[in-house]
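Novice: A predicted structure for the sequence below; I have some questions about it.
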Amino acid sequence: MRNGMSVVLMAVAMAACHPRYVPLDERGVGGSGGLDSIRARVLACIAARDYDQAREYLKLAANMAEDEQARFEQMISAAERGLVPFLEKALPHIFKADPGHFAEDTAEARELIQTTVTEANFVGVSSRGNLVYARLLETGKQIWVWVREGTIREGGYNDQPWSVESLLRGSR
Amino acid sequence: MNLMDPRQAYLAVVAFLDCHWEQHPVPGDFGDFCDMCDYVPGLGTRDPAMWTDWLAWAKKVQTGELVPRNTGRRGALTAEMIQPLDPEQAYLAMFAFIEEYWNVVSRPAEIGDLLGRMRYTPGAGTADPEMWKRWLAAVEKVQADR
């Protein structure tokens, strides 16, 4: 059943990526409707691992804000490099102007978090099943990231680095 | 029961969450939240924002004024700004603290179910009476450890 659903989802994603499904009136036009369509198509192409096509769609988004375009370019590049993706619903919690978090969802902040998730930076597994990763930046800040079920659930930074024990152990 | 300073009240929150986790220790949205809330003595919460989110809601229960999230203003909150809380105030702050997180992360069902059981009506208690018992047990534990 699950495999069947995966096949259907993949087929939908691939169909969305195929050039013949791009209505001409949505190419390069203004308005949020056109942009929304492009956003959806870029995401579908990333899901289908068709990165060249994702970049082609992004080129059509002439009226997309620069920072958003940079974020999409980073998403494509991150997927191409096999970096662990973010869980979409966790993004408003991860990127916020509050202590220990990156204030804005930018390409640079995403890159810092996603490139922390490597074997070399693996700290251990938390008592609630999250894979914990951390690394020190030259600035002295410590980036920390939690991954579960193949997606980034949480991430931020400590101004003063925490020990491995502290990164893993809580109040219990 | 005695009043609790904001740190003691927060430790009671963590003890309450731990108790719920131990009933069903399966990784998921609630486990993620517990991981974020864990308190490391001398360092603070594992997600630094959880501490200031807690202070914001403790202050709201006491003064009616909420320092909004995602504005950079919560970082200025300190425990010294918050008056000691009684168990009912701390419970109401805990409920709002959990509810805010639940709303931010697209309302996961696992945490929504907990909030449904925790809902508190003054004079009538919690929707699930077991929640209030657990809360008082968490408060007693923290006060005994003091």
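Specialist: It's in. Numbers count the residues shown, from 1 in each chain, chains lettered A, B, ... in the order given.

Novice: CA only for contacts and neighbour counts going forward, please
Specialist: Will do.

Novice: Which strand or helix spans the residue nearest the centre of chain B?
Specialist: In chain B, the C-alpha nearest the mean C-alpha coordinate belongs to B:Met94, at 3.0 Å (C-alpha atoms, centre = their mean). Assigned by DSSP states H and E, B:Met94 falls within helix B:87-104.

Novice: Return that helix as PDB; C-alpha atoms alone will do.
Specialist: The C-alpha atoms that make up helix B:87-104 are tabulated as PDB, following Å, rounded to 0.1, in the frame of the first residue of the first chain:
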ATOM      1  CA  PRO B  87       0.500  26.100  41.100                       C
ATOM      2  CA  GLU B  88      -2.600  27.300  39.300                       C
ATOM      3  CA  GLN B  89      -0.900  30.200  37.600                       C
ATOM      4  CA  ALA B  90       2.000  28.000  36.700                       C
ATOM      5  CA  TYR B  91      -0.400  25.400  35.200                       C
ATOM      6  CA  LEU B  92      -2.100  28.100  33.100                       C
ATOM      7  CA  ALA B  93       1.300  29.400  31.900                       C
ATOM      8  CA  MET B  94       2.300  25.900  31.000                       C
ATOM      9  CA  PHE B  95      -0.800  25.300  29.000                       C
ATOM     10  CA  ALA B  96      -0.400  28.500  27.000                       C
ATOM     11  CA  PHE B  97       3.400  27.700  26.500                       C
ATOM     12  CA  ILE B  98       2.600  24.300  25.000                       C
ATOM     13  CA  GLU B  99      -0.300  25.700  23.000                       C
ATOM     14  CA  GLU B 100       1.800  28.400  21.400                       C
ATOM     15  CA  TYR B 101       4.400  25.800  20.200                       C
ATOM     16  CA  TRP B 102       1.600  23.500  19.000                       C
ATOM     17  CA  ASN B 103       0.200  26.400  16.900                       C
ATOM     18  CA  VAL B 104       3.600  27.300  15.400                       C
END
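
Novice: So which elements touch that helix?
Specialist: Packing contacts for helix B:87-104, counted by 3 or more C-alpha pairs under 8 Å, 6 or more residues apart in numbering or on different chains; DSSP states H and E, involve helix A:91-94, helix B:6-23, helix B:48-63, helix B:109-118, helix B:129-145.
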